[in-house]
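Novice: Using only what follows, build the 3D model:
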Amino acid sequence: MLQQAVRHPLDPLTVGEVETTTRVLNASGRISPRVRIMAYSLLEPAKEVVLAFQPGQPVGREVFVVMRDHERRLTIEAVVSLAEETIRSWRERSDVQPALTYPEVFAAQQAVLADASFQEAMSQRGISDLSSVVIYPWTSGYRGPEDAASQGRFIRMEVALAEAPEDNYYAHPVEGIIATIELDSMTVQIEDHGAVPVPTSSGNYTQEGIRAAKNVPSFPDGARADLKPIMIMQPEGISFQIDGHEVRWQKWRLRVGFTPREGLVLHMVEYFDKGRYRPLLYRAALSEMYVPYADPTPSHNFKNVFDAGEVGIGVLANSLELGCDCLGEIRYFDATVNDAEGQPVVLANAICMHEEDYNLLLILFPPTRQHALCQAIFSADLSRTPLSCGDLAHDLQFKLATVDPFVHLSSPCLLSVYDISEKLTSFIVRSNGFSPGLVLVLVARRSRWRCDDVLPDSLHPARTSTRPPRPFFPAPCPYRTEIHTLPDSVGKIH
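Specialist: Coordinates of the predicted model:
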């Protein structure tokens, strides 16, 4: 559990700090009824301030605030000083849009259901009872200048049918209807690219759902019962220690952070070597996850989602549950974000930490030995909870043994339906008209290095290429490695 007392300048925001920020904003008189609070994030102090901090010193904290003024159609960026309880800066912008919020999405769904053009498009498909209709959101993408941030705050939505509250509605898409909603004014524009019959087969993968005859696939006998339980036990307990937000494991030491945009953040990663902690990383986090869906048809060509910037990886986090999301000896961290009114929302068990047998480090069988030499590699993992972003679920892990990030992805397979008489070459269309589509996931990690705090640091990528044939060197040597320095990195990676 994350402690609420602030003990370090990089500790995540607490419930009290969120409440203080909202109180300062409301007392300023600048928050009109149609200003929506989007996100609070810790404004991290300068690196020099953080490195000079000593335990027990007062911690001056500031909060970076993002708001949306729906009346004036402006995005507001402000900085609130928690110690002085004042607004230190205030900037109004018309060229950027904040991440989407749940209240906006819910309001847009209702606006679509009430729209006469939408009701007419559904009626043309023989659907008059809207109680089974599901309107699900997408980010707007970018088709052209009309979708620019300065032109409005847009969201797009697609339509499906749900046969029951727990039905997987992705199996029943109502193809061809796209709703574009301008969220400041809640105006709706409907595009209709032609009707295709709604699939009737189910795609439920619960214990009961797979038994249904109309389910694809259908297993009347239910889930398989031939797998034995897997138990993960550490009779002597865990090897890592947690003190507030500081974590120690073997020779590693670091601090755990959290932001609504990035989710899990690692601060001040150090390794104990030669009698001292040697700094390696100052900050590391998943900066963006870009998902282009690669469907050129008019009903889907807008689907290009930036999960971090347009939605927020941290705010979508689900609470982890022992025995379901994670097994073994687990320690959890909570995280605090804000709702649209600026009230604190505690995400219980948003981050977990555990140890695992990672893999073989090496295995050798020298001819002079009678047995193989094997060495395992163990790792402690910090995992940000799996989050759900529409059809795609993913979670981020940092493995301390190698300081590597791992992103695990899962999806129910977002289906599209096409007339099988059409000649489509961009993807596979099965005989029932379903297309599973093609999804590319591009993940970006942003790292600020410390590298022993030796100045000036720089990045030296190694580039391997093939050698051209050389008549004076007939022996095969197909590769060469060149190390060069990125000129913009010299002295700037701190």
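Novice: CA atoms for contacts and neighbours, from now on please.
Specialist: OK.
Novice: List the residues that contact the residue found closest to residue 60 once you drop the neighbours it is linked to in the chain.
Specialist: Once flanking residues are discounted, residue 60 sits nearest to residue 83: 6.1 Å by CA to CA, 6 or more residues apart in numbering. Going by CA atoms under 8 Å, 6 or more residues apart in numbering, residue 83 touches 60, 61, 62.
Novice: Drop anything exposed from those residues.
Specialist: 61, 62 (16 or more other CA atoms under 10 Å).
Novice: so how many other residues sit close to residue 229?
Specialist: Residue 229: 6 surrounding residues under other CA atoms under 10 Å.
Novice: quick thing: my sequence starts at 8, can you match it?
Specialist: In the new count, where the first residue is 8, that last one comes out as residue 236.
Novice: and it, that's in a helix?
Specialist: No. If the criterion is DSSP: H, G, I helix; E, B strand; the rest coil, then residue 236 is coil and not within a helix.
Novice: circling back to that earlier point, distance of the residue nearest to residue 67 relative to residue 302?
Specialist: 50 Å (CA to CA, to the nearest Å).
Novice: quick one: secondary structure of residue 143?
Specialist: Counting by three-state DSSP, the backbone at residue 143 sits in strand.
Novice: State the distance from residue 75 to residue 40.
Specialist: Going from residue 75 to residue 40 by CA to CA gives 11 Å.
Novice: if you count what's nearby, which of the two comes out ahead?
Specialist: Ranked by neighbour count (other CA under 10 Å), residue 75 and residue 40 place residue 75 first, with 23 against 9.
Novice: Which pLDDT value does the model give that one?
Specialist: On pLDDT, residue 75 comes in at 97.
Novice: which residues does it bridge with?
Specialist: Beta-bridge partners for residue 75, by DSSP bridges, are residue 43, residue 82.
Novice: show me the residues around it that make contact.
Specialist: Residue 75 makes contact with 42, 43, 44, 45, 81, 82, 83, 105 under the criterion CA under 8 Å, 6+ apart.
Novice: again, only using 7 Å
Specialist: 42, 43, 44, 45, 81, 82, 83 (CA atoms under 7 Å, 6 or more residues apart in numbering).
Novice: Equivalent analysis for residue 451, please.
Specialist: Residues in contact with residue 451 (CA under 7 Å, 6+ apart) are 293, 294, 295, 296.
Novice: Make sure it is indeed in a helix.
Specialist: No. Assessed with three-state DSSP, residue 451 is strand; it does not lie in a helix.
Novice: Report the secondary structure state of the nearest residue to residue 491 once chain neighbours are set aside.
Specialist: Spatial nearest neighbour of residue 491, excluding adjacent residues (CA to CA, 6+ apart): residue 467 at 5.4 Å. Recorded secondary structure, residue 467: coil (three-state DSSP).
Novice: swap in residue 102?
Specialist: Here residue 102 is recorded as coil under three-state DSSP.
Novice: Which strand in this structure has the most residues?
Specialist: Selection of the longest strand in the chain by residue count, based on DSSP state E, yields strand 351-371.
Novice: Against which helices or strands is that one packed?
Specialist: In this structure, strand 351-371 packs against helix 22-34, strand 338-345, strand 380-396, with contacts taken as 3 or more CA pairs under 7 Å, 6 or more residues apart in numbering; DSSP states H and E.
Novice: now the first one: mean pLDDT?
Specialist: Across helix 22-34, the average pLDDT comes to 97.
Novice: What of stretch 304-319?
Specialist: On average, stretch 304-319 scores 90.
Novice: for that stretch, which positions count as buried?
Specialist: For stretch 304-319, burial by neighbour count (16+ other CA under 10 Å) applies to 306-307, 309-319.
Novice: Identify the residues contacting that stretch?
Specialist: Contacts to stretch 304-319, defined as CA under 7 Å, 6+ apart, come from residues 105-107, 146-150, 183, 185, 200, 267-269, 294-300, 302, 320.
Novice: re the thing from before, for the longest strand of the chain, buried residues please.
Specialist: 351, 354, 355, 356, 357, 358, 359, 360, 361, 362.
Novice: Same list (the residues you listed) but as TSV, adding distance to residue 253.
Specialist: Listed next are the buried residues of strand 351-371 as TSV, based on distance: CA to CA, whole Å:
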residue	distance to residue 253
351	23
354	19
355	18
356	17
357	16
358	14
359	14
360	12
361	15
362	16
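Novice: Which one of the residues you listed is nearest to residue 165?
Specialist: residue 354 (28.6 Å; CA to CA).
Novice: what's the distance between the closest one and residue 339?
Specialist: Computed with CA to CA, the distance linking residue 354 and residue 339 is 11 Å.
Novice: As a check, name the ranges of all strands in the stretch 158-307 of the chain.
Specialist: Secondary structure of the stretch 158-307 of the chain, counting by DSSP state E, counting those that start in this stretch: strands at 161-168, 184-189, 194-199, 247-250, 253-256, 259-266, 270-280, 283-299.
Novice: Can you verify my assumption that residue 225 contacts residue 217?
Specialist: Yes. Using CA atoms under 7 Å, residue 225 makes contact with residue 217 at a distance of 5.2 Å.
Novice: out of those two, which sits in the more crowded spot?
Specialist: Neighbours per residue, other CA under 10 Å: of residue 225 and residue 217, the larger number sits with residue 217, 21 against 17.
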